[in-house]
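Colleague: Fold the following and give me the result.
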Amino acid sequence: MNLKKLVAAVAVTAMLPVAINAVAGHHGDHDKMAKHDMMKPTIVEIAASNDDFSTLVAAVKAADLADVLQGEGPYTVFAPTNEAFAALPDGTVDMLLKPENKDKLVEVLTYHVVAGEVYAKDVVALDSATTVQGGDVKITTHDGKVMVDNAHVVSTDIAASNGVIHVIDAVILPQS
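Modeller: Have a look, this model is predicted:
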């Protein structure tokens with residue numbers, strides 16, 4: 001599935017509960033809106049449902065972070081595609097996925113996560129954000145295009161029940 005199909009599928013998935021609630025006449029009811037959010041897939045479920053994120057999902061599972069990223073959140077995830085992982089030097093992904101390198105893998109993955117929900121409209125006003133790993137990612141905007149460290153943001157605001165995903169075209173690495 002290509003990126004355009006992913007965005008379309010996520011948009012349809014995200015809008016379906018809204019449409020159902022609107023047709024059923026559930027405007028303004030806080031409890032019903034909470035149920036609506038519960039109907040959205042989690043960050044991990046969205047990533048797992050798309051072949052373009054299979055490397056990311058494998059890494060999240062190897063790092064034992066799936067339960068965390070399926071938790072309440074909210075989180076903002078800068079999600080690298082399979083192509084982003086493939087662009088790393090040969091052997092890097094295989095090395096990171098080895099059990100003895102789990103701590104390094106956790107460090108890399110948590111560098112892609114920011115606590116709270118940061119949407120595209122918020123990102124353009126920032127010059128950095130502190131990650132769950134503890135380091136700060138540099139955020140720059142040039143000609144309306146956003147970069148997080150050395151990665152271009154290629155798709156924004158994929159809403160999940162526990163946060164938001166922004167797709168990036170490179171794996172970002174914490175400063176050693």
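Colleague: Now do the SS call for Val114.
Modeller: Secondary structure, DSSP: H, G, I helix; E, B strand; the rest coil: Val114 is strand.
Colleague: what do you get for the one 4 residues further on?
Modeller: The assignment at Val118 comes out as coil when based on three-state DSSP.
Colleague: residue contacts, it?
Modeller: Residues near Val118 by CB atoms under 8 Å, 6 or more residues apart in numbering: Thr76, Leu126, Ala129, Val164. Using the backbone N, CA and C atoms, a C-beta is placed for each residue, glycine as well.
Colleague: give me phi/psi at Lys40?
Modeller: Main-chain dihedrals, Lys40, degrees, to the nearest 10: phi -70, psi 150.
Colleague: what's the closest of the contacts of Val118 to His142?
Modeller: Leu126 (14.0 Å; CB to CB).
Colleague: The closest one belongs to a strand, doesn't it?
Modeller: No. Read with three-state DSSP, Leu126 is coil and lies in no strand.
Colleague: Next one: it, what pLDDT does it get?
Modeller: Here, the pLDDT recorded for Leu126 equals 90.
Colleague: ditto for Asp122
Modeller: Confidence score, pLDDT, at Asp122: 88.
Colleague: Also the one 10 residues further on?
Modeller: The score at Val132 is 95. That number is its pLDDT.
Colleague: what's around it, how many residues?
Modeller: Using other CB atoms under 10 Å, Val132 has 19 other residues around it.
Colleague: ok, Leu109 - contacts?
Modeller: Going by CB under 8 Å, 6+ apart, Leu109 touches Ala59, Val60, Ala63, Leu65.
Colleague: Show me which of the residues you listed is closest to Pro80.
Modeller: Set against Pro80, the nearest of these by CB to CB is Ala59 (9.3 Å).
Colleague: Tell me the pLDDT of the closest one.
Modeller: 96.
Colleague: Burial check on it, number of neighbours?
Modeller: Neighbours of Ala59 (other CB under 10 Å): 22.
Colleague: my read is it is in a strand, agree?
Modeller: No. Assessed with three-state DSSP, Ala59 is helix; it does not lie in a strand.
Colleague: coming back round to it: dump the contacts of Leu109 to JSON lines, plus distance to Lys138.
Modeller: Putting these into JSON lines (distance: CB to CB, whole Å) gives the following:
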{"residue": "Ala59", "distance to Lys138": "22"}
{"residue": "Val60", "distance to Lys138": "23"}
{"residue": "Ala63", "distance to Lys138": "23"}
{"residue": "Leu65", "distance to Lys138": "23"}
